[in-house]
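K.L.:
my questions are about this predicted structure, shown below with the sequence.
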Amino acid sequence: MARLAETFLARGLSVVRFNFLYTEKKKGPPDRMPRLMECFRAVVERTRRERSPARLLIGGHSMGGRTASMMAADGFESDGLLLLGYPLHPAGQPEKLRDAHLPAIQAPTLCLNGTRDDLCRRDLMEEVLTRVGPSFQMHWIEGADHSFHVQKRSGRTEDDVQAEIGDTARSWVESLMAA
């Protein structure tokens with residue numbers, strides 16, 4: 001996330017990073033979704049209080065993005081949703097989709113996943129996309145895995161991938177501001 005945050009900042013997009021409570025403890029399994037959402041809400045509310053942003057997007061990578069998407073589906077107020085490496089299913093368990101809430105999202109959404117992501121099979125996500133609204137945009141990062149790493153043989157570098165993610169996100173945010 002640190003590298004992604006730098007990529008966004010270099011393109012004029014402000015970022016607030018945080019760790020969920022369970023990661024701060026450095027032990028035990030992830031907290032249950034209600035606790036994750038409580039933590040996320042607290043961070044957003046503090047951001048609103050301290051920074052008073054003109055526009056506020058929520059999102060995150062993997063679990064953070066999933067948490068933000070569930071909040072958005074519940075009607076949490078934001079100007080948009082940015083999902084990075086959305087974990088559509090657990091690794092090796094594509095039958096356990098985490099998609100039931102996605103059609104309920106009303107906020108403009110940009111989802112970026114790698115084509116080699118073990119937690120988001122492209123064919124399964126393409127099927128999910130038929131059930132979400134037109135404000136949900138999907139962008140595939142060719143050759144990237146769940147952490148947006150690419151293999152050397154792909155002919156792409158980590159810098160190429162970061163630039164694609166940053167440029168795609170910046171264009172999307174600009175389109176939101178123009179609307």
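P.N.:
Received, thanks. Quick caveat: nothing in here was measured; it's all calculated off a predicted structure. Numbering: from 1, shown residues only.
K.L.:
ramachandran coordinates for the residue nearest to the spatial centre of the chain?
P.N.:
Nearest to the mean C-alpha position of the chain, by C-alpha atoms, centre = their mean, lies residue 83 at 1.7 Å. Main-chain dihedrals, residue 83, degrees, to the nearest 10: phi -110, psi 130.
K.L.:
now residue 131
P.N.:
The phi/psi pair for residue 131 (degrees, to the nearest 10) reads phi -110, psi 0.
K.L.:
just give me the neighbour total for it.
P.N.:
11 (other C-beta atoms under 10 Å). Just so you know, the C-beta spots here come from the backbone N, C-alpha and C atoms, and that holds for glycine as well.
K.L.:
now do the contacts for the residue nearest to the centre of the chain.
P.N.:
Taking C-beta atoms under 8 Å, 6 or more residues apart in numbering, we find residue 83 in contact with 59, 60, 65, 66, 68, 69, 109, 110, 111, 112.
K.L.:
that one pairs with what?
P.N.:
residue 60, residue 111 (DSSP bridges).
K.L.:
buried stuff in the helix or strand of the chain with the lowest mean pLDDT?
P.N.:
Least confident helix or strand of the chain, by mean pLDDT, DSSP states H and E, is helix 21-25 with a mean of 85. By neighbour count on 16 or more other C-beta atoms under 10 Å, the buried set for helix 21-25 is residue 22.
K.L.:
next SSE downstream of it?
P.N.:
In the C-terminal direction, the helix or strand that comes right after helix 21-25 (DSSP states H and E) is helix 33-51.
K.L.:
and the contacts of that next one?
P.N.:
Contacts for helix 33-51 (C-beta under 8 Å, 6+ apart): 14, 16, 18, 20-21, 30-31, 53, 56, 58, 63-64, 67-68, 70-71, 76, 78.
K.L.:
what's near enough to touch the closest residue to residue 102 other than its chain neighbours?
P.N.:
Counting by C-beta to C-beta, 6 or more residues apart in numbering, residue 102 lies nearest to residue 132, which is 5.3 Å off, once chain neighbours are set aside. Residues near residue 132 by C-beta under 8 Å, 6+ apart: 102, 103, 105, 109.
K.L.:
tell me the SS of residue 132?
P.N.:
The assignment at residue 132 comes out as coil when based on DSSP: H, G, I helix; E, B strand; the rest coil.
K.L.:
cool, thanks, signing off.
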